[in-house]
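Asker: Fold the following, please.
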Amino acid sequence: QVQLVESGGGLVQPGGSLRLSCTASGFILDYHALGWFRQAPGKEREFVGTIAWSVGATDYADSIKGRFTILQDNDKNTMYLQMNSLKPEDTAVYYCAAKPGTWAIDVQRYIYWGQGTQVTVSS
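Answerer: Numbers count the residues shown, from 1 in each chain. Predicted coordinates for the structure are as follows:
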């Protein structure tokens with residue numbers, strides 16, 4: 001059974017940092033790309049970043065480039081999203097997702113999804 005389980009969300013002040021985790025099970029990570037997406041209230045789900053698991057190559061949305069970093073732990077089958085210099089506009093539910101093959105930025109291409117974790121950036 002495929003599972004993606006996110007954790008690590010919470011409330012943080014502007015300029016602060018958080019690290020989200022996504023632990024995968026039930027499929028072979030090397031044959032998949034994993035991604036982070038987010039959805040703010042009243043907005044569509046948007047791409048944050050992606051990693052081609054077997055080679056560790058990453059790509060990011062322009063809005064978070066230089067502030068967020070995707071990390072991988074092969075031993076733990078876990079992907080992380082290190083978020084620094086957080087802004088109020090980063091407030092959203094963050095989701096991890098997976099798809100077979102190469103990476104993609106389109107929400108529709110991802111077939112496995114986690115339950116999401118809330119990130120709130122506020123003073």
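Asker: correct me, but residue 86 touches residue 16?
Answerer: Yes. Contact criterion Cβ atoms under 8 Å: residue 86 and residue 16 qualify, at 5.4 Å. (Each C-beta comes from the backbone N, C-alpha and C, glycine too.)
Asker: List the residues that are in contact with both of these two.
Answerer: residue 121 (Cβ atoms under 8 Å, 6 or more residues apart in numbering).
Asker: Compare those two and say which is more crowded by neighbours.
Answerer: Neighbour count, other Cβ atoms under 10 Å: between residue 86 and residue 16, residue 86 has more, with 22 against 14.
Asker: Name the helix or strand for the more buried one, please.
Answerer: According to DSSP states H and E, residue 86 maps onto no helix or strand at all.
Asker: Local confidence estimate at it?
Answerer: For residue 86, the pLDDT comes out at 98.
Asker: Enumerate every residue touching it.
Answerer: So residue 86 contacts 12, 14, 15, 16, 17, 18, 67, 119, 121 (Cβ under 8 Å, 6+ apart).
Asker: cutoff 7 Å now
Answerer: Residue 86 is in contact with 12, 14, 15, 16, 17, 18, 121, counting by Cβ atoms under 7 Å, 6 or more residues apart in numbering.
Asker: among those, which are in strands?
Answerer: 12, 18, 121 (DSSP state E).
Asker: between those, which is closest to residue 73?
Answerer: Proximity of these to residue 73 (Cβ to Cβ) peaks at residue 18, which lies at 17.1 Å.
Asker: Pretty sure the closest one sits against residue 83.
Answerer: Yes. Counting by Cβ atoms under 7 Å, residue 18 touches residue 83, with 5.0 Å between them.
Asker: Which of these two has more residues huddled nearby?
Answerer: Remark: of residue 18 and residue 83, residue 83 carries more neighbours, 24 against 21, as counted by other Cβ under 10 Å.
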